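Novice: okay, predicted coordinates and the sequence, questions at the end:
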Amino acid sequence: MPDSNTIITIRNVVKRFGSSVTAVNDVSLDIRRGEFFALLGPSGCGKTTLLRMLAGFESPSEGEILIDGEDMDGVEPNKRSVNMVFQSYAVFPHMTVHQNVAYGLKVAGTPKGEINQRVGEALALVQLESMADRKPDQLSGGQRQRVALARALVKKPKVLLLDEPLSALDAKLREQMQLELVRLQKSVGITFVIVTHDQNEALSMADRIAVMEHGNVLQLAPPAELYEYPNCRFVADFIGKMNLFDGQVVGARDGRVVVRVNALSDRVGDLELPYDGEARGGVGVAIRPEKLRLSSSEPVDEPVRLRTRIMEVVYYGDENHVFLEAGEAKFTANLQNVSRGAHAGVVRGEDVWISWRQEDTLLLTS
């Protein structure tokens, strides 16, 4: 039985379409009350199908879904204590903002006085009180998204489901709305479940993230744990950027695994990596770009170091992405531009030393 802190229980849920497509494959997870939870993964990984099953628009082929302890088998979407915000917003163009937000309450037969009070509260939450009489075509994309949020929140659901809610917005507005959604979720205190393919969106907003691929949940963890301690190559490569190499386990000593990196062994020797599990045979060895340090002279005090050539420098304003090669090995390093002119220190075609701490190296056994 789920504990009292659990609002959604998903147990061994499978969703098949026909005889050949398994969109969701034996997924089990719990979502907590008051949590901002993200389902993250590439297109076709099953995240939207799972969200639609929570909403009641699809039914599991196998398994069970409980919301606030109630089995959702056979429960129609309009009878569930959830509401959904779609990617397209789906606001009614012929209605004012007030009328859009009031629509669901009006259909439910809520008294007019209560409707006006609850609509006013919902518009205050999304900071649109002054725009109650406007039509959607008089609003920006971000404001229309807020209308959709207010319309969902006005019915006071226990869970708010968000299907790629920010994907139609431009980059700057999307970042602003990420902050707004977090503020809104904390202020109303209900559970938000968001589907997204954007790693930065999930990392910046969610309390926990479930990474999905081919219908499976590969890892479920808080953002920092996912980023710093991914449990497999897919998660390591999908969350942020990564320098990823193939290696072989050649021994173990003092709680460390000794790994020979195929493309680096003749330059850096074997690496002794901290690892508390069991590793053998072929493994992945990974280093985040920001963990690499560049220097013009050999860093003799660094245990892992090698000489590389700068092949390309891409300037992003706040940082440079530096692409380097050492024989067959290719690296990407991210360098922050901490002062004006800092980017002038790296030049295409120059030889530089790179180094990193062994403790910052990830060992991936799957």
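Specialist: Received the coordinates, thanks. Residues are numbered from 1 along each chain as shown.

Novice: may I see the buried residues of stretch 235-253?
Specialist: Buried residues in stretch 235-253, counted by 16 or more other Cβ atoms under 10 Å: 235-236, 238-240, 242-243, 245, 247-249, 252. C-beta here means a position set from N, CA and C on the backbone, and glycine is covered the same way.

Novice: er, stretch 109-119 actually
Specialist: Those would be 110, 115, 118-119, for stretch 109-119 by 16+ other Cβ under 10 Å.

Novice: then stretch 253-273?
Specialist: 256-261, 263-264, 268, 271-273.

Novice: please name the nearest non-neighbouring residue to T48.
Specialist: Leaving aside its sequence neighbours, T48 sits nearest to V195 (Cβ to Cβ, 6 or more residues apart in numbering; 5.4 Å).

Novice: wasn't that neighbour part of a helix?
Specialist: No - V195 sits outside any helix when classified using DSSP: H, G, I helix; E, B strand; the rest coil, being strand.

Novice: in helices, which of the buried residues of stretch 253-273 appear?
Specialist: V268 (DSSP state H).

Novice: reformat the buried residues of stretch 253-273 as JSON lines; add distance to G284 and pLDDT.
Specialist: Below are the buried residues of stretch 253-273 laid out as JSON lines (distance: Cβ to Cβ, whole Å; pLDDT from 0 to 100):
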{"residue": "R256", "distance to G284": "17", "pLDDT": "84"}
{"residue": "V257", "distance to G284": "12", "pLDDT": "85"}
{"residue": "V258", "distance to G284": "15", "pLDDT": "87"}
{"residue": "V259", "distance to G284": "10", "pLDDT": "87"}
{"residue": "R260", "distance to G284": "13", "pLDDT": "90"}
{"residue": "V261", "distance to G284": "10", "pLDDT": "90"}
{"residue": "A263", "distance to G284": "12", "pLDDT": "89"}
{"residue": "L264", "distance to G284": "13", "pLDDT": "86"}
{"residue": "V268", "distance to G284": "16", "pLDDT": "84"}
{"residue": "L271", "distance to G284": "12", "pLDDT": "85"}
{"residue": "E272", "distance to G284": "16", "pLDDT": "84"}
{"residue": "L273", "distance to G284": "11", "pLDDT": "84"}
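
Novice: which two in the buried residues of stretch 253-273 are spaced the farthest apart?
Specialist: R256 and A263 (20.9 Å; Cβ to Cβ).

Novice: who's in contact with the longest helix seen in the chain?
Specialist: In the chain, taking DSSP H as the definition, the longest helix is helix 171-188. Helix 171-188 is contacted from outside by 36, 125-126, 140-142, 145-146, 149, 153, 160, 162, 165-167, 169, 192, 194, 201, 204-205, using Cβ atoms under 8 Å, 6 or more residues apart in numbering.

Novice: pass me the low-pLDDT residue ranges in this protein, would you?
Specialist: 1-2, 89, 341-344 (pLDDT under 70).

Novice: can I see the domain layout of it?
Specialist: As assigned by automatic domain parsing, the chain contains the domains 6-232, 241-364.

Novice: please identify the most buried of the ones you listed.
Specialist: Ranked by average neighbour count under the criterion mean count of other Cβ atoms under 10 Å, the domains of the chain are headed by domain 6-232 at a mean of 18.

Novice: start to end distance for it?
Specialist: Distance across domain 6-232, first residue to last, is 27 Å (Cα to Cα, to the nearest Å).

Novice: please begin residue numbering at 86 from this point
Specialist: That works, and once the first residue is 86, the last one we named lands at domain 91-317.

Novice: Three-state assignment for the closest residue to G226 other than its chain neighbours, please.
Specialist: Excluding the flanking residues, the one nearest G226 by Cβ to Cβ, 6+ apart is L254, at 5.3 Å. The three-state label given to L254 by three-state DSSP is coil.

Novice: roughly how far does L254 sit from E265?
Specialist: 11 Å (Cβ to Cβ, to the nearest Å).

Novice: again with L288
Specialist: Taking Cβ to Cβ, one finds L288 at 17 Å from E265.

Novice: kindly report the same for K415.
Specialist: K415 is 39 Å from E265, by Cβ to Cβ.

Novice: picking that back up, could you dump the buried residues of stretch 338-358 into TSV with distance to T107 added?
Specialist: As requested, the buried residues of stretch 338-358 are exported to TSV (distance: Cβ to Cβ, whole Å):
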residue	distance to T107
R341	39
V342	35
V343	39
V344	35
R345	38
V346	36
A348	36
L349	39
V353	42
L356	38
E357	41
L358	35
